[in-house]
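A.B. asks: Quick one: sequence and predicted model below, then my questions.
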Amino acid sequence: MLDAVGIRPPEDCGGPWGYAEKLEALGDPHHEYYEEALDTLGDDHDPNAKPDIPLIEARLEALAKKWAPRTRRRA
């Protein structure tokens, strides 16, 4: 069973430190990087949103089936 807190950072946001900086900027309309953070994260970004665990588990299960070893048929 999976357990997670918050949603993942978006791609190309500068890793954990870049994401933290964007969250800080998004919370302060006077921050010099506010507009950039708004463009990257959007005005409805919620870093505390609960991840969709059933969806993640379903996708992992589908990958496991796809990557499962196949038995060879005898000719």
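C.D. replies: Received the coordinates, thanks.
A.B. asks: measure P16 to L23 for me?
C.D. replies: 11 Å (CB to CB, to the nearest Å). (Each C-beta comes from the backbone N, C-alpha and C, glycine too.)
A.B. asks: Of the two, give the one with the bigger neighbour count.
C.D. replies: L23 (15 against 9; other CB atoms under 10 Å).
A.B. asks: now the strands for the chain?
C.D. replies: Using DSSP state E, the chain contains no strands.
A.B. asks: where in it is pLDDT low?
C.D. replies: 75 (pLDDT under 70).
A.B. asks: again, 80 this time
C.D. replies: Residue ranges of the chain with pLDDT under 80: 1-2, 8, 72-75.
A.B. asks: Spell out for me which residue occupies the centre of it.
C.D. replies: Taking CA atoms, centre = their mean, the centroid of the chain lies closest to R8, which sits 2.6 Å from it.
A.B. asks: Find the residue closest to that one in space, skipping its chain neighbours.
C.D. replies: P51 (7.7 Å; CB to CB, 6 or more residues apart in numbering).
A.B. asks: neighbours around that neighbour, how many?
C.D. replies: There are 14 residues near P51, going by other CB under 10 Å.
A.B. asks: Next: H31.
C.D. replies: H31 has 15 nearby residues by other CB under 10 Å.
A.B. asks: residues in contact with it?
C.D. replies: Counting by CB atoms under 8 Å, 6 or more residues apart in numbering, H31 makes contact with E24, A25, A37.
A.B. asks: Just send the residues you listed back as CSV, with neighbour count and distance to L55 too.
C.D. replies: Shown next, in CSV, are the contacts of H31 (neighbours: other CB atoms under 10 Å; distance: CB to CB, whole Å):
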residue, neighbour count, distance to L55
E24, 13, 29
A25, 20, 29
A37, 22, 26
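A.B. asks: Just name the closest of those to W67, please.
C.D. replies: A37 (36.7 Å; CB to CB).
A.B. asks: what's the distance between that closest one and H45?
C.D. replies: Distance from A37 to H45, counting by CB to CB: 9 Å.
A.B. asks: same thing with I7?
C.D. replies: 8 Å.
A.B. asks: got the contact list for D43?
C.D. replies: By CB under 8 Å, 6+ apart, D43 has no neighbours at all.
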